[in-house]
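In: My questions concern the predicted model and sequence given below.
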Amino acid sequence: ATEAEEKDLVIIGGGVAGYVAAIKAGQEGMKVTCIEKRGTLGGTCLNVGCIPSKALLNNSHLYHQILHDTKARGIDVGDVKLNLAQMMKSKDTAVSGLTKGVEFLFKKNGVEYIKGTASFAGEHEIKVNLTEGGETTVVGKNIIIATGSEATPFPGLEIDEKRIITSTGAIALDKVPESMVVIGGGIIGLEMGSVWSRLGSKVTVVEFLPQIGGPGMDAEVSKAAQKILKKQGIDFKLNTKVLGGDTSGEKIKLEVEAAKGGKKETLDADVVLVAIGRRPYTAGLGLENIGLETDEKGRLVIDQEFRTKLPHIRVVGDCTFGPMLAHKAEEEAVAVVEWIKKGYGHVNYGAIPSVMYTHPEVAWVGQNEQEVKASGVEYKIGTFPFSANSRAKTNLDTEGFVKMIADAKTDRILGIHIIGPNAGEMIAEGTLALEYGAATEDIGRTSHAHPTLAEAFKEAAMATYGKAIHF
Ligand code: FAD
Ligand code: NAD
């Protein structure tokens, strides 16, 4: 190859971590190249994750609501039919609009976009197998690895994305399966389980642990969520492990048993969704060529400045430490470019919100009660139910509550947990409060518009240091 021009920054991966870093670097006047092999920008999140799942969650909720929740509202509807192909098309429209939008932002910010698969040929040289054929070499003064993650496979169950599926199959089924077993009651299992349950599948969630929601969810909230989702028609088998499956017949037969050993049982399913977590993806990157290693979980090891042991190579997003969330990747992407360009950058890992987009939504930020208890800090709790909130009442959408955990001595907020309508939007206020080191009294003495769901948030804060007015 001919001598390649050296770029200020080369980014491997055009997911949220990679594309945000690329745009930020462009804005900072750096000469930047982003290499992505998928064919479109936006990574897991835009193509097969956050965006398509939320499109299906929204429209399946609407469908379910029209089927079951209009009479009491004074709306008589006639024949309601699902048009799954159109629902999928509208999801695809959201995805392509956003991925093309990122491509536009690349152009706007002077980012060079190379479609192809990157691997390290040297510490500064990256070989790219171009999607359109042929190869090229890119040289970077600085390099960011942002190659993301992939679904963790379940040993013995081969993914075909038709009958044994990951989330990628779950956003693209062409008919509603009669029955679906979800292995893993974490966020993906509950979001995608909700979608197909609303559309008519008999969904059973098999979870190894005694609680649903995955890591981080407050136990009290998790219990409430399970109860509500059960009422919506999802079955749960907690403390249960899947031993294996037989896919030879018309129905898939899954053998399960109590996690601590016990009676075995066989579950029949038309489709099995494997949702037991995701793992960092660094395959084919040629890390061995430059002596970089991953830890026991497959994560690239970095310091606070996102540097590997080769200081010009940094890592952000799902392929390194921390929660696998798009907005975490985005924060890191901005910070890493600031580290490179300015020598400082910051991410507050203690104030990254989590949201499960079921109905009602579950959202939280900071520590859950189990964690606070374990830390030994003296704490107090304020809760407020949406059944006592005027707006939730007018909306006939009153399930759930706000739970605020504060330091018993100082009122400083330690964690906020919401299950309820619009919890995902409301948690932004909680995150800001936590970020600013607010006390619950700061929130309790802030005027919140009436009638809004956010008043439940204010009243939960009041309940930590005094009493809520409406409950
Ligand atoms: P990715 O998005 O995985 O991007 C990495 C990119 O790198 C990929 O496009 C890949 O093709 C590319 N790549 C890899 N290796 C190479 C190579 N050698 N050469 C070139 N390119 C390469 N998070 C939320 O915050 N909110 C949500 O609602 C949410 N919903 C989700 C729903 C689902 C079904 C899933 C699966 C995930 C969801 N997530 C959500 C998680 C979110 O998608 C990830 O945290 C986010 O995508 C991480 O971004 P990333 O850039 O680190 O990795
Ligand atoms: P997760 O870690 O949230 O949940 C996995 C669940 O599977 C856990 O409850 C775990 O106990 C269970 N499990 C593990 N092995 C099992 C086994 N053998 N049998 C039965 N249960 C088992 O992972 P996920 O739901 O697959 O999601 C992957 C990642 O994607 C997460 O990091 C998540 O945060 C992210 N994501 C986020 C969103 C969102 O922000 N709304 C949506 C989807 C995915």
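Out: It's in. Ligands and ions are numbered 1, 2, ... in the order given.
In: Near ligand 2, which residues of the protein? Just list them.
Out: 183-189, 191, 206-209, 214-215, 241-242, 275-278, 323-325, 355-357 (C-beta under 6 Å from any ligand atom). Heads up, the C-betas are built off the backbone N, CA and C, glycines and all.
In: Which single residue of this structure ends up nearest ligand 2?
Out: Residue of the chain nearest ligand 2, by C-beta to the nearest ligand atom: Gly186 (1.8 Å).
In: wait, doesn't that residue sit right on Arg278?
Out: No - here Gly186 does not reach Arg278: they are 9.6 Å apart, not a contact under C-beta atoms under 8 Å.
In: the more surrounded of these two?
Out: Gly186 (22 against 19; other C-beta atoms under 10 Å).
In: what about the nearest residue to Cys50 once chain neighbours are set aside, how many neighbours?
Out: Nearest non-adjacent residue to Cys50, counting by C-beta to C-beta, 6 or more residues apart in numbering: Ala326, 5.4 Å away. Counted with other C-beta under 10 Å, the neighbours of Ala326 add up to 21.
In: what ranges do the strands span in the stretch 251-400 of the chain?
Out: 252-258, 264-269, 271-274, 278-280, 313-315, 354-356, 361-366, 379-385 (DSSP state E, counting those that start in this stretch).
In: and of those, who's closest to Ile302?
Out: Nearest to Ile302 among the strands of the stretch 251-400 of the chain is strand 313-315 (5.0 Å), distances taken as C-beta to C-beta.
In: same question for that closest one, mean pLDDT?
Out: The average pLDDT for strand 313-315 rounds to 98.
In: what's the pLDDT at Glu5?
Out: pLDDT at Glu5 comes out at 87.
In: got the contact list for it?
Out: Applying C-beta atoms under 8 Å, 6 or more residues apart in numbering to Glu5 gives the contacts Val139.
In: again, only this time at 10 Å
Out: 31, 33, 138-139 (C-beta atoms under 10 Å, 6 or more residues apart in numbering).
In: related to what we said a few turns ago, reformat the strands of the stretch 251-400 of the chain as JSON lines; add distance to ligand 1.
Out: Formatted as JSON lines, the strands of the stretch 251-400 of the chain follow (distance: least, C-beta to the nearest ligand atom, whole Å):
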{"stretch": "strand 252-258", "distance to ligand 1": "21"}
{"stretch": "strand 264-269", "distance to ligand 1": "19"}
{"stretch": "strand 271-274", "distance to ligand 1": "10"}
{"stretch": "strand 278-280", "distance to ligand 1": "6"}
{"stretch": "strand 313-315", "distance to ligand 1": "9"}
{"stretch": "strand 354-356", "distance to ligand 1": "7"}
{"stretch": "strand 361-366", "distance to ligand 1": "11"}
{"stretch": "strand 379-385", "distance to ligand 1": "26"}
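In: what would these look like in TSV with distance to Met426?
Out: As requested, the strands of the stretch 251-400 of the chain are arranged in TSV below (distance: least, C-beta to C-beta, whole Å):
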stretch	distance to Met426
strand 252-258	37
strand 264-269	36
strand 271-274	29
strand 278-280	26
strand 313-315	32
strand 354-356	10
strand 361-366	7
strand 379-385	12
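In: if we compare those strands, which one ends up closest to Met462?
Out: Here strand 379-385 is closest among those (C-beta to C-beta), at 6.8 Å.
In: I'd like the average pLDDT over the closest one.
Out: On average, strand 379-385 scores 98.
In: strand partners of that strand, parallel vs antiparallel please.
Out: The pairing partners recorded for strand 379-385 under DSSP bridges are strand 401-407 (antiparallel).
In: now the angle from the strand it pairs with to strand 361-366?
Out: Orientation check (axes from the mean of the first three to the mean of the last three C-alpha atoms, to 10 degrees): strand 401-407 against strand 361-366 gives 10 degrees.
In: what is the orientation angle of the following helix or strand past strand 401-407 with strand 361-366?
Out: Per DSSP states H and E, the first helix or strand lying C-terminal to strand 401-407 is strand 413-420. Here strand 413-420 points in a direction 180 degrees away from that of strand 361-366 (the same axes, to 10 degrees).
In: Neighbouring strands - and their directions - for strand 413-420?
Out: Here, using DSSP bridges, strand 413-420 pairs with strand 361-366 (antiparallel), strand 401-407 (antiparallel).
In: Without its sequence neighbours, what residue ends up closest to the residue of the stretch 151-300 of the chain found nearest ligand 1?
Out: Closest approach between the stretch 151-300 of the chain and ligand 1, counting by C-beta to the nearest ligand atom: Ser167, at 3.4 Å. Computed as C-beta to C-beta, 6+ apart, the closest residue to Ser167 that is not its neighbour in sequence is Ile188, at 5.0 Å.
In: What about that neighbour, how many residues nearby?
Out: Residues near Ile188, counting by other C-beta under 10 Å: 24.
In: just to revisit the earlier point, would you mind listing which of the residues of the chain next to ligand 2 are buried?
Out: Burial by neighbour count, 16 or more other C-beta atoms under 10 Å: within the residues of the chain next to ligand 2 this picks out 183-189, 191, 206-207, 209, 214, 241-242, 275-276, 278, 324-325, 355-357.
In: Let's see which of the residues you listed end up in helices.
Out: 187-189, 191 (DSSP state H).
In: From those, pick the one nearest Ser179.
Out: Gly189 (15.0 Å).
In: what about the helices in this structure?
Out: So, for the chain - with DSSP H - the helices run 16-27, 43-48, 50-68, 84-108, 167-170, 187-198, 219-231, 326-342, 369-375, 390-394, 423-435, 440-444, 454-465.
In: Would you mind giving those helices as JSON lines with distance to Gly317 and mean pLDDT added?
Out: Output for the helices of the chain, formatted as JSON lines (distance: least, C-beta to C-beta, whole Å; pLDDT from 0 to 100):
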{"stretch": "helix 16-27", "distance to Gly317": "3", "mean pLDDT": "98"}
{"stretch": "helix 43-48", "distance to Gly317": "8", "mean pLDDT": "98"}
{"stretch": "helix 50-68", "distance to Gly317": "13", "mean pLDDT": "98"}
{"stretch": "helix 84-108", "distance to Gly317": "15", "mean pLDDT": "98"}
{"stretch": "helix 167-170", "distance to Gly317": "17", "mean pLDDT": "98"}
{"stretch": "helix 187-198", "distance to Gly317": "17", "mean pLDDT": "98"}
{"stretch": "helix 219-231", "distance to Gly317": "27", "mean pLDDT": "98"}
{"stretch": "helix 326-342", "distance to Gly317": "4", "mean pLDDT": "98"}
{"stretch": "helix 369-375", "distance to Gly317": "24", "mean pLDDT": "98"}
{"stretch": "helix 390-394", "distance to Gly317": "36", "mean pLDDT": "98"}
{"stretch": "helix 423-435", "distance to Gly317": "20", "mean pLDDT": "98"}
{"stretch": "helix 440-444", "distance to Gly317": "32", "mean pLDDT": "98"}
{"stretch": "helix 454-465", "distance to Gly317": "30", "mean pLDDT": "98"}
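In: coming back round to it: test my guess that the residue nearest to Ser167 contacts Thr358.
Out: No - using C-beta atoms under 10 Å, Ile188 is not in contact with Thr358; the gap is 11.3 Å.
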